[in-house]
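K.L.:
sequence first, predicted model second:
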Amino acid sequence: MFAAETELKEDPRLQAIFEAIRVIPNFPKPGIMFQDITTLLLNHKVFKDTVDMFVDRYRDMDISVVAGVEARGFMFGPSIALAIGAKFVPLRKPKKLPGEVISEAYELEYGTDCLEMHVGAVQPGERAVVIDDLVATGGTLSAAIKLLERVGAEVAECACVIGLPQFKVKLDSVYVHGQCTINGKPLYLLVEPRLLDC
């Protein structure tokens with residue numbers, strides 16, 4: 001679900017977030033319109049507003065784990081975790097975590113990859129939210145959900161700053177009547193992707 005489909009429909013922060021994102025065409029390969037959030041991070045107010053919107057949503061949902069997907073999920077996840085009193089768990093690319101890990105392979109819009117999580121970072125019964133910057137095919141978020149569920153966590157929701165409004169239906173991703181789910185878990189999105197400025 002997009003934030004604009006909720007009571008936040010007229011919230012001016014959503015337009016500011018949308019406008020702060022830069023589009024880089026043909027990156028990392030031809031045909032991709034890369035949604036660059038580094039320009040959002042340069043604007044202190046917009047960056048804070050982005051974090052605050054997620055904090056407002058998750059503050060009263062009894063979340064004990066904020067799982068951030070490498071690497072851009074690391075930019076939002078720790079701040080959200082601190083604000084809601086949860087721990088932050090990094091979900092990293094292969095061979096980046098020093099301890100014992102579990103892993104989950106997945107497909108990207110432009111290739112394949114794998115996510116890893118430290119064994120023992122999340123306990124059975126903990127309630128988690130997964131944070132990333134953008135959802136395209138849903139593969140990364142699906143892998144994150146699977147990792148957390150394998151250790152017995154309950155994934156309450158996945159959240160991204162940017163969501164493709166009709167992202168490719170892959171895995172168990174569904175978009176029906178404004179409600180989007182990945183592997184049966186709700187997906188919350190702040191803004192749609194930007195197009196090139198004319």
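P.N.:
Arrived safely. Note that the coordinates shown come from a computational prediction; the quantities given were computed from them, not determined experimentally.
K.L.:
end to end, how far does stretch 129-143 reach?
P.N.:
Between the opening and closing residues of stretch 129-143 lies a distance of 13 Å (Cα to Cα, to the nearest Å).
K.L.:
starting at the chain centroid, how far to it?
P.N.:
Between the centre of stretch 129-143 and the centre of its chain there are 5 Å (Cα atoms, centre = their mean, to the nearest Å).
K.L.:
worst mean pLDDT across the helices and strands of this protein, which element?
P.N.:
Using mean pLDDT, DSSP states H and E, strand 174-176 stands out as the lowest-scoring helix or strand of the chain, at a mean of 45.
K.L.:
how far off centre is the helix or strand following that one?
P.N.:
For strand 174-176, the following helix or strand on the C-terminal side (DSSP states H and E) is strand 179-182. Here strand 179-182 is found 13 Å from its chain centre; the criterion is Cα atoms, centre = their mean.
K.L.:
list the buried ones in whatever helix or strand comes next after strand 179-182?
P.N.:
Once strand 179-182 ends, the next helix or strand along the chain (criterion: DSSP H and E) is strand 185-191. By neighbour count on 16 or more other Cβ atoms under 10 Å, the buried set for strand 185-191 is Lys185, Leu187, Tyr188, Leu189, Leu190, Val191. C-beta: built from backbone N, CA, C; applies to glycine.
K.L.:
same thing with stretch 32-44?
P.N.:
So, applying 16+ other Cβ under 10 Å, buried residues of stretch 32-44: Gln35, Asp36, Ile37, Leu40.
K.L.:
list of residues touching the longest helix along the chain?
P.N.:
The helix spanning the most residues in the chain, taking DSSP state H as the definition, is helix 44-58. Defining contact as Cβ atoms under 8 Å, 6 or more residues apart in numbering, one finds that helix 44-58 is touched by 3, 8, 11, 13, 16-17, 20, 40-41, 66, 76, 79-80, 83-84, 129, 131, 157, 159, 161, 188, 190.
K.L.:
and what of stretch 146-160?
P.N.:
54, 57-58, 61, 63, 65, 67, 91, 102-104, 115-117, 119, 122-135, 141, 144-145, 182-183, 185-190.
K.L.:
backbone torsions only: list them for Ala136.
P.N.:
Phi and psi for Ala136, reported as degrees, to the nearest 10, are phi -110, psi -70.
K.L.:
isn't it right next to Ile182, touching?
P.N.:
No: under the criterion of Cβ atoms under 8 Å, Ala136 makes no contact with Ile182, lying 11.7 Å away.
K.L.:
of the two, which one has the most company?
P.N.:
Neighbour totals were compared for Ala136 and Ile182, and Ile182 leads with 27 against 20 (other Cβ atoms under 10 Å).
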